[in-house]
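Trainee: Based on what follows, work out the 3D shape:
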Amino acid sequence: MKLVIADEMREMDRRTIEDWGMPGVVLMENAGRAIADLCDRLLQEMAPGRTVVVAGKGNNGGDGFVVARWLHWAGHEVEVLLLAEGDELSGDAATNYRFAKRMGVVIREQATRAVMDERLAGARLIVDGVLGTGVSGEVRGSAREAIEAMNAADAPVVAVDIPTGVDGDSGAILGDAVWAAYTVTMAIPKIGLYQYPGRERCGEIIVAPIGMPRELTEAEELRTNLTQESDAAWMLPGRSPDMHKGDAGRLLVIAGSVGMTGAAAMTGLAATRSGAGLVYVACPESLNDVLETKCTEVLTRPMPETDARSLALAAEEPLVEFAEGMDAVVLGPGLSRDDESAELARRLAMRLELPMVIDADGLNAFAGRAEQLRERPAPTVITPHPGEFARLTERSIGEVQADRLSAARDLARRAEVIVLLKGAGTVIAAPDGEAWVNPTGNAGLASGGTGDVLSGMIGAFLAGGSTALQAAVAGAFYHGRAAEIAAGPGERGLVAPMLLEVLPGIFPPDE
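Mentor: Below is the predicted model of the structure:
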């Protein structure tokens with residue numbers, strides 16, 4: 001499913017009206033009718049009561065007038081609180097204001113905070129039609145008062161297109177935002193609906209077709225996608241009944257240091273349970289016995305180590321030689337920040353001509369040097385969390401989190417890698433601007449070791465033949481799905497080994 005920013009949505013509106021000949025008032029009618037249908041279904045399940053539409057003077061308010069008119073026609077008690085005078089409205093919003101008024105809908109103009117508090121206090125259902133995706137900067141004045149009044153009311157809120165106060169491009173909260181129980185978004189979802197903290201304000205998201213041509217809503221020039229299960233399924237490596245372990249991919253995991261054998265183990269085990277045929281974990285030699293005990297499903301390769309029991313530069317040639325028989329590499333989990341190990345990571349990244357996942361301390365080795373990754377001789381996926389991303393790019397975590405998708409796209413372009421920026425609403429960006437937003441997962445993934453599981457999954461898909469972008473998108477989706485299943489009734493106690501237990505059962509059956 002495609003996602004759009006505000007400018008793209010405005011262009012789609014323009015082309016639908018000017019190039020395809022569909023009047024804007026028809027689009028508004030279709031949008032309002034879709035919201036009214038949802039409201040009608042909700043009201044059928046509630047005790048009788050009043051629906052209050054809070055309307056601004058733009059097109060979201062115009063949609064709200066359509067909602068009110070249809071609910072009035074269906075016999076529901078409904079009124080509109082308009083944050084302006086009727087004669088301030090223009091275009092299609094003015095048309096629907098006049099039509100609703102002639103139909104007998106109660107419209108309270110220039111509604112003050114006191115009026116909103118009074119009328120919303122007795123509401124059964126609220127429709128937020130104040131501001132849409134065109135807002136920029138902190139919400140102030142009557143719109144801010146409307147947000148506060150709606151949030152203070154007891155009734156559930158249905159948001160028109162996007163909750164007022166949520167930035168449609170980044171998901172940022174513009175001072176304050178409506179807490180919606182449902183968001184009915186028009187034609188195509190907005191990126192901000194699926195990025196936190198905005199996602200938390202949206203409740204259940206419903207996409208309403210409003211008559212826009214598919215040539216626009218599914219156009220190739222829309223470069224941002226929301227991953228669907230069907231997308232993730234076809235991105236997985238192919239499998240056939242007669243394949244053997246070598247056909248399923250050979251993966252080398254270069255990982256581990258004293259105190260961090262768990263990271264190496266989680267990565268290797270996740271790869272085996274995600275379909276890799278043969279998985280080798282190269283680790284510091286003194287830790288080999290520990291990893292053989294922890295990982296009976298993987299093969300271990302002891303390598304020269306430093307005095308700090310991390311991988312030494314002396315491991316470079318043995319690793320380069322051993323990698324000649326591999327299909328892909330995961331570099332970095334638990335590698336440590338030892339200077340010698342970091343130098344080894346940088347050298348291996350440049351010498352190994354294999355698809356590679358770089359994670360954790362492999363990324364820390366490139367702190368402030370992200371653009372050196374352009375020199376890698378094979379496709380690369382990097383999987384930073386916000387802190388690692390900040391170190392890579394020498395930016396603050398706040399800057400990164402303020403617009404995660406733009407940050408990921410920028411780094412992907414500059415470093416010529418696939419960037420998977422972890423966190424709620426994981427985003428994956430390619431150097432050419434294509435991007436994916438992942439909808440799966442939960443707060444249980446905020447636990448040590450879960451990122452190592454993700455690296456192992458992506459490594460397995462790379463080794464099996466998926467492209468770097470496919471492996472990252474599918475990895476994020478199924479990693480999140482594993483967390484949803486493993487958490488069961490609660491997320492608080494989720495730990496990485498629980499993901500391993502459910503991994504084999506989350507993938508679609510081989511055809």
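Trainee: ok, now which ones touch the residue located most distally from the centre of the chain?
Mentor: For the chain, the largest distance from the centre (CA atoms, centre = their mean) belongs to residue 102, which lies 43.8 Å off. If a contact means CB atoms under 8 Å, 6 or more residues apart in numbering, then residue 102 has no contacts. Bear in mind the C-beta positions are built from the backbone N, C-alpha and C, glycine included.
Trainee: now the helices for the stretch 251-400 of the chain?
Mentor: 261-272, 288-294, 316-323, 339-351, 361-364, 386-393, 397-402 (DSSP state H, counting those that start in this stretch).
Trainee: so what pLDDT did the nearest residue to residue 372 once chain neighbours are set aside get?
Mentor: Closest residue to residue 372 apart from its sequence neighbours, by CB to CB, 6 or more residues apart in numbering: residue 366 at 6.3 Å. Per-residue confidence for residue 366 comes out at a pLDDT of 97.
Trainee: Next, find the distance separating the residue farthest from the centre of the chain from residue 96.
Mentor: Applying CB to CB, to the nearest Å, the value for residue 102 to residue 96 is 11 Å.
Trainee: residue contacts, the nearest residue to residue 382 once chain neighbours are set aside?
Mentor: Nearest in space to residue 382, with sequence neighbours left out and distances taken as CB to CB, 6+ apart, is residue 358 at 4.9 Å. If you count contacts by CB under 8 Å, 6+ apart, residue 358 has them with 331-332, 345, 349, 366, 373, 380-383.
Trainee: most neighbours, which of those residues?
Mentor: Neighbour counts for the contacts of residue 358, by other CB atoms under 10 Å, peak at residue 332, which reaches 33 neighbours.
Trainee: Just list the residues touching the closest residue to it other than its chain neighbours, thanks.
Mentor: Take residue 332 and drop its neighbours on the chain: the residue closest to it by CB to CB, 6+ apart is residue 362, 2.3 Å away. Residue 362 makes contact with 254, 331-333, 335, 345, 349, according to CB under 8 Å, 6+ apart.
Trainee: Next, give me the two most distant ones among those.
Mentor: Largest separation among the contacts of residue 362 by CB to CB: 333 and 349, giving 14.3 Å.
Trainee: now, of the helices of the stretch 251-400 of the chain, which is deepest in the fold?
Mentor: Ranked by mean neighbour count, the helices of the stretch 251-400 of the chain are led by helix 261-272 with a mean of 28 (mean count of other CB atoms under 10 Å).
Trainee: Tell me which other helices or strands that helix touches.
Mentor: strand 250-254, strand 278-284, helix 288-294, helix 450-464, helix 496-506 (3 or more CB pairs under 8 Å, 6 or more residues apart in numbering; DSSP states H and E).
Trainee: next one: the first one to chain centre, how far?
Mentor: Offset of strand 250-254 from its chain centre (CA atoms, centre = their mean, to the nearest Å): 28 Å.
Trainee: Same question for the last one.
Mentor: Helix 496-506 sits 21 Å away from the centroid of its parent chain (CA atoms, centre = their mean).
Trainee: now do the third one
Mentor: For helix 288-294, the gap between its own C-alpha mean and the chain's C-alpha mean amounts to 36 Å (CA atoms, centre = their mean).
Trainee: Are there helices or strands packed against it, and which ones?
Mentor: helix 261-272, strand 299-303.
Trainee: Now do that helix: everything it contacts.
Mentor: 256, 261-262, 264-265, 268, 281, 283, 298, 300, 302.
Trainee: Go again with 10 Å.
Mentor: 255-256, 258, 261-262, 264-266, 268-269, 281-284, 287, 298-303, 305 (CB atoms under 10 Å, 6 or more residues apart in numbering).
Trainee: Mean confidence (pLDDT) on that helix, please.
Mentor: The average pLDDT within helix 288-294 is 92.
Trainee: where are the low-confidence patches of this structure?
Mentor: Within the chain, the stretches with pLDDT under 70 are 511.
Trainee: Domain ranges for it, per the record?
Mentor: According to automatic domain parsing, the chain comprises the domains 2-221, 248-504.
Trainee: starting at the chain centroid, how far to the first one?
Mentor: Between the centre of domain 2-221 and the centre of its chain there are 23 Å (CA atoms, centre = their mean).
Trainee: what's the span of it from first residue to last?
Mentor: End-to-end distance for domain 2-221, by CA to CA, to the nearest Å: 10 Å.
Trainee: Same check on the longest one?
Mentor: End-to-end distance for domain 248-504: 15 Å, by CA to CA.
Trainee: With adjacent residues omitted, what lies nearest to residue 180?
Mentor: residue 159 (3.9 Å).
Trainee: my guess is that neighbour contacts residue 168, does it?
Mentor: No - counting by CB atoms under 10 Å, residue 159 stays clear of residue 168, with 11.5 Å between them.
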